[in-house]
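> predicted structure and sequence below. I'll ask about it afterward.
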Amino acid sequence: MQATTLRPMARDHAALVALIDGHRAGWSLEQAFYLDPAIFELERELWFPRQWSLVAHASEVPEKGHYIVRKLFDEEIIVVRFGDGEEDIAAYYNVCTHRGSRLCTKDGRSRLLVCPYHAWSYRLTGELQTRQDVPDNVDPVALGLHRVPTRCVGSLVLCGLEGSVLPDVQPLADALDARLHKMGIDRARIVTARLSPPA
């Protein structure tokens, strides 16, 4: 069987359809599905945003006010613990709704998420806290942070970008929650290795 390749970033629809149609059931995918940048770009655009992705472990935001900054494909998000419950974790696009500035540049802990540009502040639940600069004819509720669909399954934090087309995550949660708990995932912690310089 001869490997079929697409021109990088060509988005040659006919070649991609031929590659998919040529797939034999029970066989591995053609090499192009693993290596071709055009196929990867197509997956990034059309498939990945419509799926749940693992972005964090709940231990990374152990207490109310802890937040972490993560990349979710081409978007940067803030994952924050807004309460004391196991499920009290939310994610927001890392963009201030005032002027579009980046809110958080690194992981941290705070009572509010504060924009470094004009100091607009947001509650950990995403609502706009600052109201003095909002014109009278503008509803401040509409200026809250834009939420990213988020779900915790066995202490794994899952997010997806396109909420209207994300698959129902409940069957996955039902199937995995007890198993993950039995394996101790809820007690797991993220450890970062610090390498010592050679002596």
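That came through, no problem. Residues are numbered from 1 along each chain as shown.
> near the spatially closest residue to Tyr122 that is not a sequence neighbour, how many other residues are there?
Sequence neighbours aside, Leu113 is the residue nearest to Tyr122 in space, at 4.5 Å (criterion: CB to CB, 6 or more residues apart in numbering). Any C-beta I mention is one placed from the backbone N, CA and C, and that applies to glycine too. Burial measure for Leu113: 23 neighbouring residues, criterion other CB atoms under 10 Å.
> how close does the closest residue to His23 other than its chain neighbours get to Asp36?
Spatial nearest neighbour of His23, chain neighbours left out: Leu29 (6.5 Å); criterion: CB to CB, 6+ apart. Separation of Leu29 from Asp36 (CB to CB, to the nearest Å) stands at 11 Å.
> one more: Glu60?
The separation that Glu60 has from Asp36, given CB to CB, amounts to 34 Å.
> and those two? Which one has more around it.
Set side by side, Glu60 and Asp36 show more neighbours around Asp36, with 22 against 19, by other CB under 10 Å.
> please report phi then psi for the more buried one.
The main-chain torsion angles of Asp36 are listed as degrees, to the nearest 10 and equal phi -80, psi 120.
> same thing with Phe40?
According to degrees, to the nearest 10, Phe40 has phi -60, psi -40.
> numbering from 25 from now on, please.
Taking 25 as the first residue, the last one we looked at is Phe64.
> next one, pLDDT for it please.
Looking at Phe64, its pLDDT stands at 87.
> which helix or strand in the chain has the lowest average pLDDT?
Ranked by mean pLDDT, DSSP states H and E, the helix or strand of the chain with the weakest confidence is helix 37-45, at a mean of 82.
> for it, name the packing helices and strands.
helix 61-70 (3 or more CB pairs under 8 Å, 6 or more residues apart in numbering; DSSP states H and E).
> quick check: buried residues in the helix it packs on?
For helix 61-70, a neighbour-count test (16 or more other CB atoms under 10 Å) marks 62-63, 66 as buried.
> and which of the residues you listed is nearest to Ala80?
Of all those, Ala80 sits closest to Leu66, with 26.6 Å by CB to CB.
> give the buried residues for the helix ranked longest in the chain.
Scanning the chain for the helix with the most residues, using DSSP state H, yields helix 194-207. Neighbour counts over helix 194-207 (16+ other CB under 10 Å) mark 197, 200-201, 204 as buried.
> kindly report the same for stretch 145-165.
Taking 16+ other CB under 10 Å as the criterion, stretch 145-165 shows 145-146, 148, 150, 152, 154 as buried.
> cool, and stretch 175-192?
Buried positions in stretch 175-192, judged by neighbour count with 16+ other CB under 10 Å: 175-185, 190.
> for the chain, what spans make up the strands?
Across the chain, reading from the start of the chain, the strands by DSSP state E fall at 77-81, 90-96, 99-105, 113-117, 132-133, 137-138, 145-146, 171-172, 174-177, 180-183.
> quick one: closest of those strands to Asp160.
The stretch from these with the least distance to Asp160 (CB to CB) is strand 145-146; that distance is 19.7 Å.
> and Arg211, what pLDDT?
At Arg211, the predicted lDDT confidence score is 86.
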